[in-house]
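In: here is a sequence with its predicted model. Questions after.
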Amino acid sequence: MLKSEYGLFIGGRFVEPKSGQTFRTINPATEEAIATVSDAGEADVARAVDAARKALPKWSKTRPAERAKILFRIARRIQERSRELAVLESMNGGKPIKESRDEDLPLVAQHFFHHAGWCDKLDYAFAGAKPQPVGVCGQIIPWNFPLLMAAWKLAPALACGNTCVLKPAETTPLTALMLAEILQECGLPDGVVNIVTGGPDAGRAITALAAKGKIDKIAFTGSTEVGKAIAKTLAGSGVKLTLELGGKSPNIVFADAALDQAVEGVVSGIWFNQGHVCCAGSRLFIEESIHEDFIDRLRNRMRSLRVGDPLDKNTDVGAINSKAQLATIQRYLKAGSDEGAEKFEVACDLPKKGFWCRPCIFTGVQPSHTIAREEIFGPVLSVMTFRTPEEAVQRANNTTYGLSAGVWTEKAARALEMSNRLNAGVVWLNTFNRFDASAPFGGYKESGFGREGGRQGLSAYVKLGGGR
Ligand code: NAD
């Protein structure tokens, strides 16, 4: 059950912050406070790291089958409490309940199930390389998939015998704190997972301790700007680092594609989770010969999108996560119009309170436009065209990012050729935004490095002996 106040989760229990600081976390759809949460200071983060260090020897030596048992239990408990978690995720983050219920929560449970299965098979995953835990992991996550990002971080780390200090994003701390209760219920030993809530300062305290050798691995998901700052802090320290950063992903529609299906893919590519998705298909490339037809179909489809109350199960597009993020999106909307692109948006009434942005597309976008180059992280699609597959590849790859891409075509040979030539960690063919715990996810270039999910994701959480 939701509480009105939360301490920090350290050493297996909720404790008062030494910093004495707290903050209120709100519902972005109503601007009402939901709970008061602790704001961890340096001393709190150090205490959490000490607890993780203390718990490490026992947890890392716990029989793999015993670790698996606990992870399976956590997965099942998440399933049992999934309604409660989904409602809280939508209340704290603004995403439509049908997404938190049908996408986030099933994937959260799947990540724990999947990694529970790996616990006693690590010797096979890294055959001959004697995998050992890395040690204490500092994990810093963003606000767009709060519980899912926590699961992506914690499940592989625990499966490999590490202990963790997790910091949720400042706007969405609540489901991670509810997860802490679940970890207690499931008998995870004290100190194996510690959760410190707070803002950038708490994040900086984690990376500073890593630079001093107190933390063995940092896993960060968030903006490219902060990712670069963390890489700088840790340069030369020998701390293991993975960075999952931003994106400006292309979604490419060929004239031979099943167009109505492609329209659905474009819709889910950019308006899923209000476009607060690192791998959002935010640049749409349409083959020139079908541009007009496709845009007509897309506009028609946009007219049926329902924007509003995240807790209404018919809502397609919920609230923008925060006032600050809304201001960022609005700056990009202005830049799009100022630089000469043409905007089309859904005509709908928006609630009086809360943070809202109508789904919109810009046509007539040039590759040099700000909205074609920078990550907006909102429900804004930039539309461009291409004439040949060669031009599609060139334009799609013309970005500093490389997280994901989508290709829509009925020609299998073209699909495979495109997937080989697109510089992206994930290429979806005739679909978009599909995730699976067994499929590695991660980026190239300024989208970061390292993979999460599958066997590849485990390698971030093990030290390999045996010459590998
Ligand atoms: P952000 O970088 O501002 O914050 C992410 C986290 O880092 C938060 O917990 C924040 O408190 C913390 N933080 C902020 N400054 C820090 C610092 N100097 N040192 C240490 N920690 C610090 O990003 P955001 O706005 O919360 O999230 C949106 C970004 O995350 C987007 O760019 C998005 O593309 C990216 N993202 C990437 C993936 C991926 O898998 N590649 C997934 C989700 C989100």
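Out: That came through, no problem.

In: can you pull the contacts of the nearest residue to residue 160 once chain neighbours are set aside?
Out: Closest residue to residue 160 apart from its sequence neighbours, by CB to CB, 6 or more residues apart in numbering: residue 461 at 4.0 Å. Every residue, glycine included, has its C-beta placed from N, CA and C. Residues in contact with residue 461 (CB atoms under 8 Å, 6 or more residues apart in numbering) are 133-134, 137, 156-157, 159-160, 162, 217.

In: same thing but at 6 Å, please
Out: Taking CB atoms under 6 Å, 6 or more residues apart in numbering as the criterion, residue 461 is in contact with 134, 156-157, 160, 162.

In: check the gap between it and the ligand for me.
Out: Residue 461 sits 16 Å away from the ligand, going by CB to the nearest ligand atom, to the nearest Å.

In: pLDDT value on that residue, please?
Out: Predicted confidence (pLDDT) for residue 461: 98.

In: and the contacts of residue 461, which are buried?
Out: For the contacts of residue 461, a burial check counting by 16 or more other CB atoms under 10 Å picks out 134, 156-157, 160, 162.

In: in helices, which of these appear?
Out: Members of these lying in helices (criterion: DSSP state H): 156-157.

In: just give me the closest of the buried ones among the contacts of residue 461 to residue 316.
Out: Residue 316 has its nearest neighbour among the buried ones among the contacts of residue 461 in residue 156, at 32.0 Å by CB to CB.

In: count of neighbours near the residue of the stretch 101-250 of the chain found nearest the ligand?
Out: Going by CB to the nearest ligand atom, the ligand is nearest to residue 203 of the stretch 101-250 of the chain, at 2.1 Å. Other residues lying near residue 203 total 25 when counted by other CB atoms under 10 Å.

In: that one: which element?
Out: helix 200-211 (DSSP states H and E).

In: quick one: distance of that helix to the chain centre.
Out: Its chain's C-alpha centre and that of helix 200-211 lie 20 Å apart, by CA atoms, centre = their mean, to the nearest Å.

In: which other helices and strands does that helix contact?
Out: helix 42-61, strand 136-140, helix 224-234 (3 or more CB pairs under 6 Å, 6 or more residues apart in numbering; DSSP states H and E).

In: among the contacts of residue 461, which two are most distant?
Out: 134 and 156 (10.8 Å).

In: point out the residues in the stretch 251-400 of the chain that sit beside the ligand.
Out: Residues of the stretch 251-400 of the chain found near the ligand (CB under 6 Å from any ligand atom) are 278, 375, 377.

In: which one of these is nearest the ligand?
Out: Set against the ligand, the nearest of those by CB to the nearest ligand atom is residue 278 (3.0 Å).

In: count of residues packed around that closest one?
Out: Around residue 278 there are 27 other residues, counting by other CB under 10 Å.

In: does it count as helix, strand or coil?
Out: Assigned state for residue 278: coil (three-state reduction, DSSP: H, G, I helix; E, B strand; the rest coil).

In: could you look up the SS state of residue 334?
Out: Going by three-state DSSP: residue 334 is helix.

In: next one: residue 34
Out: Criterion first, three-state DSSP; result for residue 34: strand.

In: roughly how far does it sit from residue 116?
Out: Using CB to CB, to the nearest Å, residue 34 is found at 31 Å from residue 116.

In: now do the contacts for residue 110.
Out: residue 437.

In: quick check: it is in a helix.
Out: Yes: per three-state DSSP, residue 110 lies within a helix segment.

In: tell me the secondary structure for the spatially closest residue to residue 276 that is not a sequence neighbour?
Out: Closest residue in space to residue 276, ignoring its immediate chain neighbours: residue 144 at 4.1 Å, by CB to CB, 6+ apart. What three-state DSSP gives for residue 144 is coil.

In: backbone phi and psi for residue 144, please?
Out: phi -80, psi -30 (degrees, to the nearest 10).

In: run a quick neighbour tally on it.
Out: Using other CB under 10 Å, the number of residues around residue 144 comes to 25.

In: so for it, what's the pLDDT?
Out: 98.

In: over to the one 4 residues further on?
Out: For residue 148, the pLDDT comes out at 98.

In: tally of neighbours for it?
Out: Residue 148: 22 neighbours (other CB under 10 Å).

In: residue contacts, it?
Out: Per CB under 6 Å, 6+ apart, neighbours of residue 148: 104, 107-108.

In: over to it. Which of the three states is it?
Out: Under three-state DSSP, residue 148 comes out as helix.

In: can you list the low-confidence ranges for the stretch 51-200 of the chain?
Out: Counting by pLDDT under 70, the stretch 51-200 of the chain has no low-confidence residues at all.

In: the ligand contacts on that one?
Out: Of all the residues in the stretch 51-200 of the chain, those lying near the ligand are 140-144, 167, 169-170, 199-200, going by CB under 6 Å from any ligand atom.

In: mind giving me the ChimeraX select for these, buried ones only?
Out: A single ChimeraX command is used to select the members of those judged buried by 16+ other CB under 10 Å:
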select :140,141,142,143,144,167,169,170
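
In: going by distance to residue 419, which of the residues of the stretch 51-200 of the chain next to the ligand wins?
Out: residue 144 (25.3 Å).

In: wait, doesn't the closest one sit right on residue 274?
Out: No: under the criterion of CB atoms under 6 Å, residue 144 makes no contact with residue 274, lying 8.8 Å away.

In: who touches the residue nearest to residue 71 when sequence neighbours are not counted in this structure?
Out: Distances taken as CB to CB, 6+ apart put residue 116 closest to residue 71, at 3.5 Å, once the chain neighbours are dropped. Applying CB under 6 Å, 6+ apart to residue 116 gives the contacts 68, 71-72.

In: among the residues you listed, who's most crowded?
Out: residue 71 (25 neighbours).

In: quick one: that one from the ligand, how far?
Out: 22 Å.

In: isn't that residue right next to residue 114, touching?
Out: No: the pair residue 71 and residue 114 fails to qualify as a contact (CB under 6 Å) at a distance of 9.4 Å.

In: out of the contacts of residue 116, who's nearest residue 456?
Out: Nearest member of the contacts of residue 116 to residue 456, counting by CB to CB, is residue 71, at 18.9 Å.

In: and the host helix or strand of the closest one with helix 42-61, angle?
Out: Residue 71 is part of helix 64-80, with elements assigned from DSSP H and E. For helix 64-80 against helix 42-61, the angle by axes from the mean of the first three to the mean of the last three CA atoms, to 10 degrees is 120 degrees.

In: buried ones in the helix or strand that comes right after helix 64-80?
Out: Beyond helix 64-80 on the C-terminal side, the first helix or strand identified by DSSP H and E is helix 82-93. Within helix 82-93, the residues that qualify as buried are 82, 85-93, counting by 16+ other CB under 10 Å.

In: the ligand: which of those residues is nearest?
Out: Scanning the buried residues of helix 82-93 for proximity to the ligand, where the rule is CB to the nearest ligand atom, the winner is residue 93, at 11.1 Å.

In: so what's the nearest residue to that closest one once chain neighbours are set aside up against?
Out: In space, and not counting its chain neighbours, residue 93 is closest to residue 172: 4.8 Å by CB to CB, 6+ apart. Residue 172 makes contacts with 92-93, 143, 146, as judged by CB under 6 Å, 6+ apart.
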